[in-house]
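Undergrad: Based on what follows, work out the 3D shape:
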Amino acid sequence: MQTVTNPYRILYVDDEEGLLDIGRFYLEQAGGITVDVTASPHEALHMILSGRYDAVVSDYQMPEMNGIELLKRVREAGSRVPFIIFTGKGREEVVIEALNSGADFYIQKGGNPGAQFAELANAVRQLAGRQRAEAAVRKGEEMLHKAQKLAHLGSWEFDHESRRLIWSDEVYRIFGLDPGKPPTYEEFLAMVHPDDRAAVDAAYSTSVAEAKAGYEVKHRIIRKDTGEVRYLVERCEHQRDESGQIVRSVGMVHDITELKLAELELRSQHEKLQVAYEQLAVVEKELRSSFDDLAESQRQLQASEERYRRISESISDVVYSCVLKHSGNYRFDWVAGAVHEITGYTEDEILAMRCWRKIIHPDDMPIFERETLRLPPGTSSLFEIRIVRRDSRVRWLRVSANCTDTADGEIRLYGGWQDITDQKEAEERLRKTAEKMESIFRAAPTGIGMAVDGVMTEVNGRLCEILGYTRDELIGQHVQLLCPDDTVYESALQQMHARVEVTGKCTLETRFRRKDGAIIDVLLSITPLDPMHFSWGVTFTVQDITERKAMEREIEYHARELARQTNSLAIANRKLNLMSSITRHDILNQLTILLGNLWIAEETGAGQNISEYLARVKGAAGRIHRQIEFTRDYTDLGVRSPEWQRVSDLIRSAVHQDLPVDDETRDLVIYADPMLETVFANLMDNTLRHGESATGVRVRYRLEENGDLTLIWEDDGVGIPVEEKERIFQRGVGKNTGLGLFLIREILAITGINIAETGEPGKGARFEMLVPRGAYKILG
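TA: As a prediction, this is how the structure comes out:
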């Protein structure tokens with residue numbers, strides 16, 4: 001088994017001790033995974049909330065608390081650790097409940113253990129890896145934010161087409177603005193100090209016009225909130241499209257106010273010292289005439305030096321002064337500030353070195369020489385170099401150098417050092433984090449993209465693979481390109497806004513159109529950079545679930561087929577039971593009557609009573625015939641699929657010449673078993689046999705408030721007694737075979753039609769058939 005330096009740590013929860021041992025063995029054998037196990041869900045909850053695990057695998061059915069209840073407790077406690085339900089329960093409602101409760105994956109036990117645990121190990125790696133990647137991204141973003149804040153360093157981005165300016169939080173703080181109100185480029189210029197505004201605009205416009213890689217400019221701003229003047233260094237880099245046109249500018253803003261003010265103060269103090277030195281020269285010339293004046297001048301000089309010393313000691317970095325010697329090198333003649341903290345040397349040791357070369361990193365010496373030795377008087381330079389401390393550690397410095405020539409002809413270099421090691425290290429960590437994020441983005445097995453105002457600004461290779469486009473074909477296109485039609489796009493947009501308002505993100509199933517025109521099912525997850533400002537952009541992920549959806553549809557089809565076949569088997573079974581009962585009981589009874597009467601006739605011999613016995617035989621044979629006819633009809637029941645049938649046509653075939661029918665159903669059709677014609681034939685037979693005084697039949701229908709329809713067959717005969725209204729539909733009840741009304745109810749029940757007798761005794765029979773909504777049509 002391969003050794004992994006940082007394996008995923010998993011908690012496996014199951015009340016079956018044997019399964020815990022097997023699960024731990026398989027998962028750890030798969031490599032890259034260490035497994036802790038527990039049979040107690042309550043103990044598991046405390047272990048999970050400790051934050052030690054990259055993922056959790058839990059059984060569903062456990063005595064103390066089932067897996068979904070454990071999952072809900074974990075999510076309610078705020079933990080987002082990946083959670084996999086691993087169980088023998090395969091019911092669809094359990095899967096849905098698990099996923100709705102926040103489960104990340106669901107695996108059903110059973111089958112080949114090797115394949116089953118291989119799938120589980122793969123799911124663990126996928127989810128745990130994603131969890132670690134997301135945590136690393138969050139940590140990187142937090143470190144970037146802290147680094148920018150500590151270094152007073154902000155970043156910005158300007159879109160040349162939309163003229164939209166995007167700032168980091170630190171830039172907003174530097175300018176004294178509300179982060180919720182991003183400025184335009186023009187509004188940014190308005191905050192630049194009036195004396196610097198033209199130079200700033202020129203630096204930007206010139207770099208664009210002359211196709212430069214970027215620019216650097218120092219300028220002042222007037223803070224929006226306090227009116228305070230701040231000093232900034234701004235650097236910019238232009239990004240171009242394939243045609244060479246600038247499409248975006250990115251840059252940084254560094255607040256150097258404190259350094260600049262210290263520099264100005266040092267310059268002021270230096271000038272004061274210079275004046276003092278000049279005054280001292282005058283005093284020296286007048287020493288012969290006025291000792292008192294000399295003493296006063298000395299006291300003034302000491303006071304000035306004390307103020308200068310205190311200023312130097314109050315700043316956190318280093319200030320220095322050098323003089324250019326005949327050798328062509330500068331030599332320290334004064335240094336103050338945090339010298340020892342930065343270099344490890346004392347001020348005296350630095351002065352004793354006499355030159356910079358002993359502490360400057362050898363690789364950065366050319367930078368130092370270019371920025372200092374070639375600096376003409378009256379000019380200044382700002383550059384970054386490394387020094388080697390006394391303890392051999394390397395530190396980064398930002399060095400300001402101002403070259404001037406003094407009244408006595410000396411060329412002097414003075415300025416300051418700022419220790420920027422932490423900033424440099426933060427930039428390096430940020431670069432590595434960005435590289436990791438880029439690697440994750442490119443290698444992710446899920447399609448990932450970014451969009452601003454609906455326009456795709458970045459996509460990874462997996463998304464291109466899913467959609468069949470190249471990266472260049474997608475970048476710059478509106479996401480509506482991916483939707484099959486406007487309806488799908490509008491629906492997804494509405495769902496996104498509704499869900500983001502509640503949860504800050506959105507996951508939905510929708511459909512996309514590939515480049516080749518194929519329509520695919522996808523799982524789309526959308527997270528805005530800021531839920532309150534969709535226009536700032538969103539990140540989205542896409543998973544192709546076409547095969548899964550096809551499988552779901554196939555499962556649904558087979559489920560419907562299974563239900564239909566189960567229902568057909570139930571009907572067939574009921575028919576067989578009834579047929580067996582009829583054959584075994586009713587027909588045998590009639591055969592007994594028939595054979596009994598023949599035996600009696602045979603025993604008594606031929607005589608005057610022979611006709612009575614033959615009549616009984618004939619009656620029994622007739623009843624057997626009717627029973628056989630019924631079984632034939634009942635066997636045909638439900639064999640053919642239901643169909644739409646016009647009621648008036650069925651009534652016409654049932655009309656008897658001796659009984660007129662008033663048909664008011666000429667525009668009504670019903671979805672029923674093809675034996676529906678038998679219903680009306682048996683109703684007509686019932687009226688003819690039992691109506692006695694009936695003179696006609698009326699057939700009509702009535703629409704109900706709930707959308708159902710009542711079809712009514714009524715005559716004006718003797719009616720049916722109250723106590724018989726329900727019994728007449730039972731098999732064997734009635735004056736004839738007792739099968740006609742029973743068969744009617746069976747035929748109608750196939751398509752959900754109910755029948756009841758609602759007439760008044762003495763006024764006629766009325767049969768009401770309740771047809772459900774959707775099983776009838778009224779033709780125009």
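
Undergrad: Report the contact partners of residue 745.
TA: For residue 745, the contacting residues are 729, 755, by C-beta atoms under 8 Å, 6 or more residues apart in numbering. Glycine gets a C-beta too; all of them are placed from N, C-alpha and C.

Undergrad: I'd like the next helix or strand past the least confident helix or strand in the chain by mean pLDDT.
TA: Ranked by mean pLDDT, DSSP states H and E, the weakest helix or strand in the chain is helix 291-314, scoring a mean of 53. Using DSSP states H and E, the helix or strand that follows helix 291-314 towards the C-terminus is strand 318-324.

Undergrad: Hey, what's the angle from the very next helix or strand once past that following strand to strand 318-324? Just curious.
TA: Next along the chain after strand 318-324, taking DSSP H and E as the criterion, comes strand 330-337. Here strand 330-337 runs at an angle of 160 degrees relative to strand 318-324 (axes from the mean of the first three to the mean of the last three C-alpha atoms, to 10 degrees).

Undergrad: what pairs with strand 330-337, and is each one parallel or antiparallel?
TA: Strand 330-337 sits in its sheet next to strand 318-324 (antiparallel), going by DSSP bridges.

Undergrad: what does the partner strand contact?
TA: Residues contacting strand 318-324 (C-beta under 8 Å, 6+ apart): 262, 266, 270, 312, 330-339, 342, 356, 410-417.

Undergrad: Doesn't residue 233 belong to a helix?
TA: No. In this structure, residue 233 is strand, not part of a helix, as judged by DSSP: H, G, I helix; E, B strand; the rest coil.

Undergrad: Grab the nearest non-local neighbour of it.
TA: residue 254 (4.5 Å; C-beta to C-beta, 6 or more residues apart in numbering).

Undergrad: pLDDT weak spots in the stretch 301-450 of the chain?
TA: For the stretch 301-450 of the chain, the stretches with pLDDT under 70 are 301-316, 326-328, 354, 434, 437-438, 440-441, 443-444.

Undergrad: ranges for the helices of it?
TA: 339-343, 347-353, 365-372, 421-443 (DSSP state H, counting those that start in this stretch).

Undergrad: can you put those helices in CSV and add mean neighbour count?
TA: Shown next, in CSV, are those (neighbours: other C-beta atoms under 10 Å):
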stretch, mean neighbour count
helix 339-343, 19
helix 347-353, 15
helix 365-372, 15
helix 421-443, 14
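
Undergrad: what's the distance between the residue nearest to residue 233 and residue 527?
TA: 31 Å (C-beta to C-beta, to the nearest Å).

Undergrad: which of those two has more neighbours?
TA: Regarding residue 254 and residue 527, a neighbour count based on other C-beta atoms under 10 Å identifies residue 254 as having more, with 22 against 15.

Undergrad: buried ones in the helix or strand encompassing that one?
TA: In the assignment (DSSP H and E), residue 254 maps to strand 246-255. For strand 246-255, the neighbour count (16 or more other C-beta atoms under 10 Å) marks 248, 249, 251, 252, 253, 254, 255 as buried.

Undergrad: Could you pull up the residues touching the spatially most central residue of the chain?
TA: Geometric centre of the chain, nearest residue: residue 525, 2.9 Å, by C-alpha atoms, centre = their mean. Residue 525 makes contacts with 505, 506, 507, 540, 541, as judged by C-beta under 8 Å, 6+ apart.

Undergrad: Now, those that are in helices?
TA: Within the contacts of residue 525, no residue falls in helices by DSSP state H.

Undergrad: follow-up on the earlier one: quick check on the contacts of strand 318-324: which are buried?
TA: 262, 266, 270, 312, 330, 332, 334-339, 342, 356, 411-417.

Undergrad: does the residue nearest to the centre of the chain sit in a helix or strand, and which one?
TA: Per DSSP H and E: strand 519-528 holds residue 525.

Undergrad: Dump that strand to CSV, keeping only the CA atoms.
TA: Output of strand 519-528 as CSV, limited to C-alpha atoms (Å, rounded to 0.1, in the frame of the first residue of the first chain):
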residue,chain,number,x,y,z
ILE,A,519,-29.5,19.0,-25.1
ILE,A,520,-28.0,17.7,-21.9
ASP,A,521,-29.2,17.7,-18.3
VAL,A,522,-26.9,19.5,-15.8
LEU,A,523,-26.6,20.2,-12.1
LEU,A,524,-25.8,23.9,-11.9
SER,A,525,-24.5,25.5,-8.7
ILE,A,526,-24.1,29.3,-8.6
THR,A,527,-22.4,31.4,-5.9
PRO,A,528,-22.2,35.2,-6.3
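
Undergrad: Quick check: buried residues in it?
TA: 520, 521, 522, 523, 524, 525, 526, 528.

Undergrad: Okay, and the beta partners of residue 240?
TA: residue 246.

Undergrad: That one and residue 249, how far apart?
TA: Residue 240 is 10 Å from residue 249, by C-beta to C-beta.

Undergrad: does residue 728 really touch residue 757, like I thought?
TA: Yes. Residue 728 is within contact range of residue 757, at 6.5 Å (criterion: C-beta atoms under 8 Å).

Undergrad: Need the overlap of contacts for those two.
TA: residue 720.

Undergrad: so what pLDDT did residue 574 get?
TA: Listed pLDDT for residue 574 reads 62.

Undergrad: Ok, residue 7 next?
TA: pLDDT, residue 7: 88.

Undergrad: Now tabulate the buried residues of strand 519-528 in a markdown table and tack on distance to residue 69 and pLDDT.
TA: Shown next, in a markdown table, are the buried residues of strand 519-528 (distance: C-beta to C-beta, whole Å; pLDDT from 0 to 100):
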| residue | distance to residue 69 | pLDDT |
| --- | --- | --- |
| 520 | 36 | 91 |
| 521 | 31 | 91 |
| 522 | 32 | 89 |
| 523 | 26 | 90 |
| 524 | 30 | 89 |
| 525 | 26 | 88 |
| 526 | 30 | 88 |
| 528 | 32 | 87 |
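
Undergrad: now, among the residues you listed, which is nearest to residue 430?
TA: Distance to residue 430 across the buried residues of strand 519-528 (C-beta to C-beta) is lowest for residue 528, with 23.1 Å.

Undergrad: Quick check: buried residues in the helix or strand residue 745 falls within?
TA: Assigned by DSSP H and E, residue 745 belongs to helix 740-749. In terms of neighbour count (16+ other C-beta under 10 Å), helix 740-749 has its buried residues at 740, 741, 742, 743, 744, 745, 746, 747, 748.

Undergrad: Would you check those and say which has the weakest pLDDT?
TA: Within the buried residues of helix 740-749, lowest confidence goes to residue 740 (70).

Undergrad: from what I can see that one touches residue 684, true?
TA: No. Taking contacts as C-beta under 8 Å, residue 740 lies outside contact range of residue 684: 10.3 Å.

Undergrad: Residue 462 is in what secondary structure piece?
TA: Using DSSP H and E, residue 462 falls in helix 461-467.

Undergrad: Revised request: answer the last question for residue 37.
TA: strand 33-38.

Undergrad: Identify the residues contacting whatever helix or strand comes next after that strand?
TA: Per DSSP H and E, the first helix or strand lying C-terminal to strand 33-38 is helix 41-49. Helix 41-49 is contacted from outside by 11, 13, 36, 38, 53, 56, 58, 62, 64-67, 69-70, 73-74, 77, 79, 81, using C-beta under 8 Å, 6+ apart.

Undergrad: One more pass at 7 Å, please.
TA: For helix 41-49, contacts defined as C-beta atoms under 7 Å, 6 or more residues apart in numbering pick out 11, 13, 38, 56, 62, 64-65, 70, 73-74, 77, 79, 81.

Undergrad: Show me which residues of the strand holding residue 37 are buried.
TA: For strand 33-38, burial by neighbour count (16+ other C-beta under 10 Å) applies to 33, 35, 37, 38.

Undergrad: Stretch 544-558 too?
TA: 544, 545, 546, 549.

Undergrad: so which of those comes closest to residue 471?
TA: Among the buried residues of stretch 544-558, and counting by C-beta to C-beta, the member closest to residue 471 is residue 544, at 17.6 Å.

Undergrad: Leaving aside the residues adjacent along the chain, what's closest to the closest one?
TA: Nearest non-adjacent residue to residue 544 (C-beta to C-beta, 6+ apart): residue 466, at 5.0 Å.
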